[in-house]
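# Quick check, what structure comes out for this input:
(2 chains)
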Amino acid sequence: DAGVIQSPRHEVTEMGQEVTLRCKPISGHNSLFWYRQTMMRGLELLIYFNNNVPIDDSGMPEDRFSAKMPNASFSTLKIQPSEPRDSAVYFCASSFVQGAGDTQYFGPGTRLTVL
Amino acid sequence: QKEVEQNSGPLSVPEGAIASLNCTYSDRVSQSFFWYRQYSGKSPELIMSIYSNGDKEDGRFTAQLNKASQYVSLLIRDSQPSDSATYLCAVRSGSNYKLTFGKGTLLTVNP
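Residues are numbered from 1 along each chain as shown, chains lettered A, B, ... in the order given. Okay, here's the model as predicted:
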């Protein structure tokens, strides 16, 4: 399997622009997670989906952030409008949730820089 | 608010030594515990999971869990320079599939 695929790997944009990050989970996995990692705050869960349904979006920082999972093989995280404080590495992870024993596999991440 | 605390380090050990990484958590109902390794500029990868009190060994790695003390640790025996990375402790509570991560401990193994 190719693992979790994320695109783009790097994104540089200007404040106020819309940013869309993309994720393809591992085939057969039923859960997908979006994380943000910064030096100050560490790795934070933004939102997670189970069977394409958003289960918990309490980590989404504000209304400028939105996430969708239209099918089992694709998810997007959108920031509109973007701000310099959104600069971070955004990771997508997927897992097959079954009881207590599941492993989250992380994608390579998207490094976002908002100027 | 559920918290996971780790010493940020850096923890520096000589090659061949035992590296000991520690983690405490605040939520008493936490049930699942994970150690992830993250190399600089890379994504986290799972190296150990533990669910019951006691020790769990996998090669050079041993995870230790003490739920009464709300403490989980990772021991790396015969440390190698390739073990130099940031180690993230993650905790999951109950049926909630969310993981709460610590900020990580930077480990440096000196040749």
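# Can you give me the distance of residue A:33 to residue A:47?
Per C-beta to C-beta, to the nearest Å, residue A:33 is found 8 Å from residue A:47. Where you see a C-beta, it was placed from the backbone N, CA and C, and this is true even at glycine.
# And these two? Which one has more around it.
Just comparing residue A:33 and residue A:47: by other C-beta atoms under 10 Å in any protein chain shown the higher neighbour count belongs to residue A:33, 28 against 22.
# OK, contacts around that one?
A:45, A:47-49, A:92-95, A:104, B:99 (C-beta atoms under 8 Å, 6 or more residues apart in numbering or on different chains).
# What pLDDT is listed against it?
Predicted confidence (pLDDT) for residue A:33: 95.
# Same question for residue B:18.
You'll see residue B:18 listed with a pLDDT of 97.
# In space, what's closest to it - neighbours in sequence excluded?
Closest residue to residue B:18 apart from its sequence neighbours, by C-beta to C-beta, 6 or more residues apart in numbering or on different chains: residue B:77 at 5.4 Å.
# number of nearby residues for residue 39?
You didn't say which chain, so I picked chain A. Neighbour count of residue A:39, defined by other C-beta under 10 Å: 7.
# nope, chain B
Neighbours of residue B:39 using other C-beta under 10 Å come to 12.
# correct me, but it touches residue B:85?
Yes - with contact defined as C-beta atoms under 8 Å, residue B:39 counts as touching residue B:85 (4.8 Å).
# need the residues of chain A near chain B, please.
Selection of chain A residues close to chain B by C-beta under 8 Å from any C-beta of the partner chain yields A:31, A:33, A:41-45, A:48, A:50, A:55-56, A:91, A:95, A:97, A:100-109.
# Spatially nearest residue to residue 24 (excluding sequence neighbours)?
If you meant another chain, say so; for now it's chain A. residue A:5 (4.2 Å).
# was after chain B, sorry
residue B:5 (4.9 Å).
# hmm, back to that, wait, what's in contact with the residue nearest to residue B:18?
Residues touching residue B:77, when contacts are defined by C-beta under 8 Å, 6+ apart, comprise B:18, B:60-62.
# all strands for chain A, in order.
For chain A, applying DSSP state E gives strands covering A:5-7, A:10-13, A:19-24, A:31-38, A:42-50, A:53-56, A:65-71, A:74-79, A:88-95, A:105-106, A:110-114.
# Quick one: those strands as CSV, columns for distance to residue B:51 too.
Converted to CSV, those look like this (distance: least, C-beta to C-beta, whole Å):
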stretch, distance to residue B:51
strand A:5-7, 29
strand A:10-13, 37
strand A:19-24, 28
strand A:31-38, 18
strand A:42-50, 20
strand A:53-56, 22
strand A:65-71, 28
strand A:74-79, 28
strand A:88-95, 16
strand A:105-106, 19
strand A:110-114, 32
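# Could you list the buried residues of stretch B:91-103?
Across stretch B:91-103, burial judged by 16 or more other C-beta atoms under 10 Å in any protein chain shown covers B:91-93, B:97-103.
# Only the buried subset of the residues of chain A next to chain B, as a PyMOL command please.
Buried residues among the residues of chain A next to chain B (16+ other C-beta under 10 Å), as a PyMOL selection:
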select buried, chain A and resi 31+33+42+43+45+48+50+56+91+95+97+102+104+105+106+107+108+109
